[in-house]
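Asks: next come a sequence and a model predicted from it.
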Amino acid sequence: MSEIRAEVRLPTDELRDDLPFYTKVLGMRLDEIFPADDPRVAVLSGHGLRVRIEKGAKEPAGTLRILTTDPEGFADGARELVAPNGTKIEIAELNPPMILPKTEHMFDVRRLRDSAPWVIGRAGMNYRDLLPTRLGGAIIASHIRVPGGGDVPDMVHYHTVGFQLIFCYKGWVDVLYEDQGGLMRLHAGDCVIQPPEIRHRVCHASPDIEVIEIGVPADHVTTIDHAFTLPNGHGDPKREWQGQRFVHHVKEGATWQPFRIPGFRCRDTGISDGTKGVAGIQVVRFESGEPPATRTDADIHFTFVMEGTMTLHAEGQEPRALQAGDAFVLPPHMSARYAECSEDLELLECALRGDFASEVVA
């Protein structure tokens with residue numbers, strides 16, 4: 001079997017000036033140098049990188065990023081350096097802490113008929129942004145399709161998130177999750193939360209598959225885990241990933257109960273309990289009557305219209321006629337009324353936190 005290596009080439013005017021910097025300051029190892037009488041090329045390795053520094057090379061000096069668990073102990077604590085050959089060196093945290101941006105509260109409506117673009121995202125899936133403002137980076141809500149369905153070219157991966165929901169809106173999808181046994185099929189109306197850094201992989205999907213994915217914060221890192229194999233059997237059902245349990249809510253046989261708004265019923269997914277109040281997810285169905293105006297103190301209150309039609313009357317806003325595929329977000333304490341509800345109206349409500357307070361507005 002042939003051996004293959006890869007290296008990055010960097011230019012230099014004087015190799016003798018660069019070698020002490022790359023070996024002593026950056027802690028790299030000199031592997032090759034030639035010719036012996038007047039060296040023009042040096043190959044160094046370290047920190048998972050192989051660098052070829054070549055006198056007279058035409059490439060730009062570029063930037064190297066060095067990631068470490070101890071930035072203060074590397075290169076005397078410097079975060080930015082410039083090598084003699086002009087290459088910029090950035091020193092950064094290997095595992096930076098996740099930062100949850102402060103929510104920029106606002107009222108926003110996204111309608112399917114406004115022709116929001118579908119873009120090709122990870123693993124060839126199509127994404128439609130349901131919340132373009134992202135509330136200042138606090139949340140991302142995506143409507144996702146897999147064109148044609150079938151096998152999904154996904155890999156075992158995990159997300160550095162504070163919360164993530166996968167709700168099967170239409171069709172079905174087969175997924176694998178760490179410690180959850182074999183293939184798990186989500187049918188329309190089913191959902192799971194993907195606790196922070198749980199390993200998983202999307203495997204197969206029906207041709208009509210559509211998923212609603214909600215993640216906090218909006219910009220979060222997806223890491224491919226090449227060393228982890230799924231399925232990996234059943235683990236402890238009480239296991240927690242950073243304080244959250246894996247929750248799989250199944251529509252079939254779920255219990256319907258009164259909703260916070262009179263005139264509606266809901267099925268609670270159990271996600272508020274599984275996340276210890278981080279988020280609450282409910283499927284809401286119109287029952288009868290003229291629902292009153294209500295308001296909540298939820299930091300983030302996002303709703304997706306799954307079926308039917310309604311008119312949203314929000315305090316200080318023009319009435320908005322909504323239909324399946326539309327979404328809206330309400331800021332804390334804004335009074336809102338769901339009017340002219342069709343008999344088949346069904347909503348997906350996501351609130352963060354999940355233990356928010358709601359009241360009917362007199």
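Replies: In hand now; what should we look at?
Asks: tell me the pLDDT at the nearest residue to residue 6 once chain neighbours are set aside?
Replies: Leaving aside its sequence neighbours, residue 6 sits nearest to residue 50 (CB to CB, 6 or more residues apart in numbering; 6.8 Å). For the C-beta atoms, the positions are set from N, CA and C on the backbone; glycine is no exception. Residue 50 carries a pLDDT score of 97 in this model.
Asks: residue 50: which element?
Replies: Residue 50 belongs to strand 49-55 when assigned by DSSP states H and E.
Asks: coming back round to it: pretty sure the residue nearest to residue 6 sits against residue 10.
Replies: No: with contact defined as CB atoms under 8 Å, residue 50 does not count as touching residue 10 (11.3 Å).
Asks: identify each buried residue in the worst-scoring helix or strand of the chain on mean pLDDT, please.
Replies: Ranked by mean pLDDT, DSSP states H and E, the weakest helix or strand in the chain is strand 118-120, scoring a mean of 79. Going by neighbour count (16 or more other CB atoms under 10 Å), nothing in strand 118-120 comes out as buried.
Asks: quickly run through the sheet partners of it, with directions.
Replies: strand 126-129 (antiparallel) (DSSP bridges).
Asks: can you confirm residue 19 is in a helix?
Replies: Yes: assessed by DSSP: H, G, I helix; E, B strand; the rest coil, residue 19 belongs to a helix.
Asks: what bridges to the residue nearest to it when sequence neighbours are not counted?
Replies: Distances taken as CB to CB, 6+ apart put residue 42 closest to residue 19, at 6.1 Å, once the chain neighbours are dropped. Per DSSP bridges, the residues bridged to residue 42 are residue 33, residue 53.
Asks: check contacts around residue 42.
Replies: Taking CB atoms under 8 Å, 6 or more residues apart in numbering, we find residue 42 in contact with 15, 18, 19, 22, 30, 32, 33, 52, 53.
Asks: list the contacts of the second one.
Replies: It stands for residue 18. Residue 18 neighbours (CB under 8 Å, 6+ apart): 12, 42, 53, 83, 84, 85.
Asks: what bridges to the first one?
Replies: Legend: beta-bridge partners of residue 12 under DSSP bridges are residue 55.
Asks: that one contacts residue 85, correct?
Replies: Yes: in this structure, residue 12 is within contact of residue 85 by CB under 8 Å, at 3.9 Å.
Asks: tell me the domain ranges of the protein?
Replies: Here the domain parsing of the chain from automatic domain parsing is 8-93, 108-243, 257-360.
Asks: what's the closest of those domains to residue 99?
Replies: domain 108-243 (7.2 Å; CB to CB).
Asks: residue 214 contacts residue 161, correct?
Replies: No: counting by CB under 8 Å, residue 161 is not a contact partner of residue 214; they are 10.0 Å apart.
Asks: please name the nearest non-neighbouring residue to residue 133.
Replies: According to CB to CB, 6+ apart, the nearest residue to residue 133 is residue 108 (5.5 Å).
Asks: tell me, how many residues neighbour that neighbour?
Replies: 16 (other CB atoms under 10 Å).
Asks: residue contacts, it?
Replies: Applying CB under 8 Å, 6+ apart to residue 108 gives the contacts 131, 132, 133, 328, 329.
Asks: over to residue 180?
Replies: By CB under 8 Å, 6+ apart, the neighbours of residue 180 are 231, 234, 235, 246, 248.
Asks: if any of the residues you listed are buried, put those into a PyMOL selection.
Replies: In PyMOL syntax, the buried subset of the contacts of residue 180 is picked out as below (16+ other CB under 10 Å):
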select buried, resi 246+248
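Asks: now residue 121. Nearest residue, chain neighbours left out?
Replies: Here the residue nearest residue 121, using CB to CB, 6+ apart, is residue 127, at 4.3 Å.
Asks: same check on residue 61?
Replies: Closest to residue 61 by CB to CB, 6+ apart is residue 86, at 3.5 Å.
Asks: about what we covered before: just the buried ones from the contacts of residue 42, in ChimeraX syntax?
Replies: Selecting the buried subset of these in ChimeraX, with 16+ other CB under 10 Å as the burial test, is done by:
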select :15,18,19,22,53
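Asks: farthest pair within the contacts of residue 42?
Replies: 18 and 32 (14.1 Å).
Asks: can you list the buried residues in stretch 337-345?
Replies: 337, 338, 341, 345.
Asks: now stretch 308-323
Replies: 308, 309, 310, 312, 313, 314, 322.
Asks: kindly report the same for stretch 259-272.
Replies: Quick answer for stretch 259-272 (16+ other CB under 10 Å): 259, 260, 261, 264, 265, 266, 267, 268, 269, 270, 271, 272.
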